[in-house]
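Enquirer: okay, predicted coordinates and the sequence, questions at the end:
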Amino acid sequence: MYIVLSIVALAAIVVGAGFLYQVVGSHRDRLRFASPGRWVEIGRGHKLYMLEKGAGGPTVLFEAGIAATNLNWCHIQETVARFTHTMSYDRGGLGWSGPSLTARTPANCASELHDLLERAGIKPPYILVGHSFGGLVMRRYALSYPEDVSGVVLVDPMRCEEWPPMNPGRQPEIDRIKRLSGYAVPIARFGLARLAVTSLLCRSGRISGHLAGAGGVSGRHVLRRITEEVGKMPKEVWPIVAAHWSRPNYYAGMMDHVEAVPDTVREMRDADPIRDIPVLLLTPGKSTPLSDAAVLRIGDNVQQVIAPTSAHWIHLDQPELVIESIREMVAAAVAAEPVAASV
């Protein structure tokens, strides 16, 4: 009996220590890393985190991929801010933002972005820049609020035909990510995710390697993907990535985003094309270019540009191409202003 009570007491101490480690670490992360931006309430107590840089106009808005945050754009935003005003943010459920209150579909995300811009006092016109799932959000924004948009840059936007229900063969992949994200929520709550990602991104990586090995093939696959993708980002943001990935809310937000993929596909597969707004479509050289018919479904003024040395993460593989595409859009918008004003 004594041994059993001792084991229970020891387990309680370990769990309590892990919980305290997570709470204290999360508080320190917020103080250390979130201060450059601000939180804006968009209704019902829901707050989104945003980061502004630069001055002038039009404002360039950045929208990250399905489980990514404003950090994905840090280098590009820093450069673009030298010639115009910029804003990046974290969607509900990700990064420093509060939990999502609606399904993570493009229409809901675009509506929340619109509310954020209004509450933050950021006036149009906007140049919209979106990667992957963020490309669908920006397409929906341009369709919902065309009068506010001067141009759109789509960085390898998510292709609906590749995902359920159009491609039901990938449903097991969605189910697996949802399941792993669900497991990660309590793991993060008691500090183990913090221990793993801090080891991976801020220290030797030995602990994260052992944990990934314990997860078998899936664990090693996840570790390899993380290492490859985060490795393309500036090293100075790795500790902030670790801070995001240490939060239980991050995994809950990822689960919400992935769970909404079929509804996202249903919403966007037959979406109207963007009309009378120039669109630059950046396609990886390692993917098949979109057909003329597929391009026309995006908009009536779309130019597809191939990023020859890139995979899906063009903004990390060839950031200079994305920056020049944005610069081109900004210059066109500025050149059109006197014409619009004289009409």
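Expert: Now that the structure is in, tell me what you want to look at.
Enquirer: check contacts around the closest residue to residue 144 other than its chain neighbours.
Expert: Of all residues not flanking residue 144 in the chain, residue 110 sits nearest, at 5.6 Å (C-beta to C-beta, 6 or more residues apart in numbering). From N, CA and C alone the C-beta is placed, and that goes for glycine too. Contacts of residue 110 were listed using C-beta atoms under 8 Å, 6 or more residues apart in numbering, and they are 137-138, 140-141, 144-145.
Enquirer: please redo it, this time with the cut-off set to 6 Å
Expert: 137, 140-141, 144 (C-beta atoms under 6 Å, 6 or more residues apart in numbering).
Enquirer: beyond the helix or strand where it lies, next helix or strand please.
Expert: Using DSSP states H and E, residue 110 maps to helix 106-120. Next in sequence after helix 106-120, counting helices and strands by DSSP H and E, comes strand 126-131.
Enquirer: all strands for the chain, in order.
Expert: Counting by DSSP state E, one finds strands in the chain at the ranges 38-41, 47-53, 59-63, 86-89, 126-131, 149-155, 279-284, 302-307.
Enquirer: quick revisit: and the helix holding residue 110, average pLDDT?
Expert: When pLDDT is averaged along helix 106-120, the result is 98.
Enquirer: then stretch 66-75?
Expert: Mean pLDDT, stretch 66-75: 95.
Enquirer: how long is it end to end?
Expert: Terminal residues of stretch 66-75 lie 19 Å apart, using C-alpha to C-alpha, to the nearest Å.
Enquirer: before we move on, back to that, buried ones only from the contacts of residue 110, please, as a PyMOL command.
Expert: Remark: buried members of these, expressed as a PyMOL selection using 16 or more other C-beta atoms under 10 Å:
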select buried, resi 137+140+141
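Enquirer: of the contacts of residue 110, which pair is most distant in space?
Expert: Distance extremes for the contacts of residue 110: the farthest pair is 137 and 144 at 10.4 Å, using C-beta to C-beta.
Enquirer: returning to what we had before: could I get the contacts of residue 110 as CSV with distance to residue 103 and pLDDT?
Expert: Formatted as CSV, the contacts of residue 110 follow (distance: C-beta to C-beta, whole Å; pLDDT from 0 to 100):
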residue, distance to residue 103, pLDDT
137, 13, 98
140, 13, 98
141, 17, 98
144, 16, 98
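Enquirer: which one of the contacts of residue 110 is nearest to residue 327?
Expert: Taking those together and measuring to residue 327 by C-beta to C-beta, the closest member is residue 141, at 20.9 Å.
Enquirer: the residue lying closest to that closest one once chain neighbours are set aside and residue 324, how far apart?
Expert: Spatial nearest neighbour of residue 141, chain neighbours left out: residue 110 (4.1 Å); criterion: C-beta to C-beta, 6+ apart. Remark: distance between residue 110 and residue 324 (C-beta to C-beta, to the nearest Å) = 26 Å.
Enquirer: now swap in residue 313 and tell me
Expert: Relative to residue 324, and taking C-beta to C-beta, residue 313 is found at 17 Å.
Enquirer: compare the two (neighbour count), which wins?
Expert: residue 313 (21 against 13; other C-beta atoms under 10 Å).
Enquirer: now that one: how far from residue 100?
Expert: From residue 313 over to residue 100 (counting by C-beta to C-beta), the distance is 23 Å.
Enquirer: identify the bridge partners of residue 151.
Expert: Beta bridges link residue 151 to residue 127, judged by DSSP bridges.
Enquirer: for it, give me its contacts.
Expert: Per C-beta under 6 Å, 6+ apart, neighbours of residue 151: 127, 278, 329, 333.
Enquirer: which of the residues you listed has the most neighbours?
Expert: Ranked by neighbour count under the definition other C-beta under 10 Å, these are headed by residue 127 with 29 neighbours.
Enquirer: give me the pLDDT for the residue nearest to residue 308 when sequence neighbours are not counted.
Expert: Nearest residue to residue 308 in three dimensions, chain neighbours excluded: residue 285, at 4.1 Å (C-beta to C-beta, 6+ apart). With respect to pLDDT, residue 285 scores 96.
Enquirer: do you know how far residue 285 is from residue 51?
Expert: In terms of C-beta to C-beta, residue 285 sits 30 Å off from residue 51.
Enquirer: more neighbours: these two, which one.
Expert: Neighbour tally, residue 285 and residue 51, criterion other C-beta under 10 Å: the higher count belongs to residue 51, 22 against 14.
Enquirer: hang on, that one packs against residue 35?
Expert: No - between residue 51 and residue 35 there is no contact under C-beta atoms under 6 Å: 10.4 Å.
Enquirer: show me where pLDDT drops low in the stretch 151-300 of the chain?
Expert: Across the stretch 151-300 of the chain, the ranges flagged by pLDDT under 70 are 203-228.
Enquirer: again, only using 90
Expert: Along the stretch 151-300 of the chain, the model assigns pLDDT under 90 to residues 192-193, 195-235.
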